[in-house]
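A.B. asks: Can you look at this prediction? I've put the sequence above it.
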Amino acid sequence: MFNEYRRRLEQLLGPSDDELPPPLPATDVPLPRDLSALYAVVDGDGGRGMLHGFGWFGLETLEHFADQDERWWVTRGWQRYVAPYAFLRDYGPPGAVRRLADHPAWIPFATDTFGDYLAVDMAPGPNGRLGQVILIGRSYYRGPVYVAPSVTELLRRHVDALASDRVQRDDDEGLWINAGDVSQYERQYDENCTLELTGRDAAPVSGLTAELRELSVHNAPWVDLRPVGAATALQKFSVRNVAGVDLSPLLGTPVEILDLGTDTIDLSGLQGHPTVSRVVLRSEKPIDLRPLASCPSLYALDLTDAPAADLSSLGQLTGLRYLRMQRPQWSHQAIPPGLAVAELAEEPLEERKHYWSFANAYKPRRPTLDDAVEWARQLTRNATDIVTITGRFKRR
């Protein structure tokens, strides 16, 4: 297939004086047979950008990026708990690619030189295929994007495009081969996998499909979630400006992310939900958090906009790793024992009682730097292994 691709390119562009890099000895990195066969012929394309404009690199570079520690674009450590990295989308056929930020068996083999990579997937999802091609890199922090079932199919698309004269030349005599949209599954996601409902369409919720991943409901007099069982792949549910909602129908879905902004919030319908992992609550009224203690996958909770939430049960959330609250809320002592990331949220502006100009209508925003230092000191209970750095930045 590669030789056919080169032959058709030469027919279009004429013979080239620049030879492709000769092959190197085989690598120990596990690769699909078709990609290994290509490396037995040439060691990459020498930066020509022969695959959707991505430069297919040589074996030395492939071995370099096969080492996960060399993948500079991957978010690691505590930052992986923080949005937008916390929710990974499913860009591709359902179950084809694992919803992970990175995997040692994703082997980059081509780059667009801007920080994005074509990679072969040697650990596909349950409905995927060994050696399928995916997109990863700097632009794909929301999840990998499925491209093609194999490197062979990727080459075939280019050969078919050349055979059908689906090519364009630019002013610099460059050649663009229209071999399809490499990011088509990412572009189709908003159209096929998200749904926003308002008003009467939310009572009951309508338009649900098996492809739906994200459901948003807002500005509705009431919400009936009973039909939500049709959304068998639902991963994220958000609601805004609604009096209240019965969450129990969500027990029949694999939903992971909940962003609940209602007048009253009753979490009892989530009792024992197996997949709920991240919850954001927004209500001025009291909220009982105890049902969340029965959710085994829960790792993140945001109470910034829930100032009246009952914090006495926070200590029962033993699996919680990320917690975001305002300064007054953090004064409560029942902090989850397994917390890995604590975030001090910005507080609403407080209006002055007496002011002479609009510019002085509000008090300085909190938390201040002193607030943050004191919060950190109390949170760590003056632990001796906490490093504190003080001083000032020099003015230029």
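C.D. replies: Noted; the coordinates are in hand. Numbering: from 1, shown residues only.
A.B. asks: need the strands for the stretch 251-396 of the chain, in chain order.
C.D. replies: 257-262, 278-282, 287-288, 300-305, 309-310, 322-325, 341-344 (DSSP state E, counting those that start in this stretch).
A.B. asks: and of those, who's closest to residue 59?
C.D. replies: strand 341-344 (38.8 Å; CB to CB). Heads up, the C-betas are built off the backbone N, CA and C, glycines and all.
A.B. asks: List the neighbouring strands of that closest one plus their orientation.
C.D. replies: In the sheet, strand 341-344 lines up against strand 322-325 (parallel) (DSSP bridges).
A.B. asks: roughly how far out does the partner strand sit from the chain middle?
C.D. replies: 19 Å (CA atoms, centre = their mean, to the nearest Å).
A.B. asks: Show me what it is in contact with.
C.D. replies: 81-82, 86, 278, 299-304, 314, 335-336, 339-345 (CB atoms under 8 Å, 6 or more residues apart in numbering).
A.B. asks: try it again with 7 Å
C.D. replies: Strand 322-325 has contacts (CB atoms under 7 Å, 6 or more residues apart in numbering) with 81-82, 299-304, 336, 339-343, 345.
A.B. asks: now those: which count as buried?
C.D. replies: 81, 299, 300, 301, 302, 303, 304, 336, 341, 342 (16 or more other CB atoms under 10 Å).
A.B. asks: which two from the residues you listed end up farthest apart in space?
C.D. replies: That would be 299 and 304, which, of those, are the farthest apart (CB to CB) at 17.0 Å.
A.B. asks: Find me the pLDDT at residue 269, would you?
C.D. replies: In this prediction, residue 269 carries a pLDDT score of 95.
A.B. asks: Now for it: which residues touch it?
C.D. replies: 246, 247, 248.
A.B. asks: Counting neighbours, what do you get for the last one?
C.D. replies: Residue 248 is surrounded by 15 other residues when neighbours are defined as other CB atoms under 10 Å.
A.B. asks: ok, now how distant is the closest residue to it other than its chain neighbours from residue 87?
C.D. replies: Excluding its sequence neighbours, the residue lying closest to residue 248 (CB to CB, 6 or more residues apart in numbering) is residue 269, at 3.4 Å. To residue 87, residue 269 is 21 Å away according to CB to CB, to the nearest Å.
A.B. asks: again with residue 179
C.D. replies: Where residue 87 is concerned, residue 179 sits at a distance of 31 Å (CB to CB).
A.B. asks: So if I had to pick from the two, which one is more boxed in?
C.D. replies: Using other CB under 10 Å as the criterion, residue 179 and residue 87 rank with residue 179 on top: 21 against 18.
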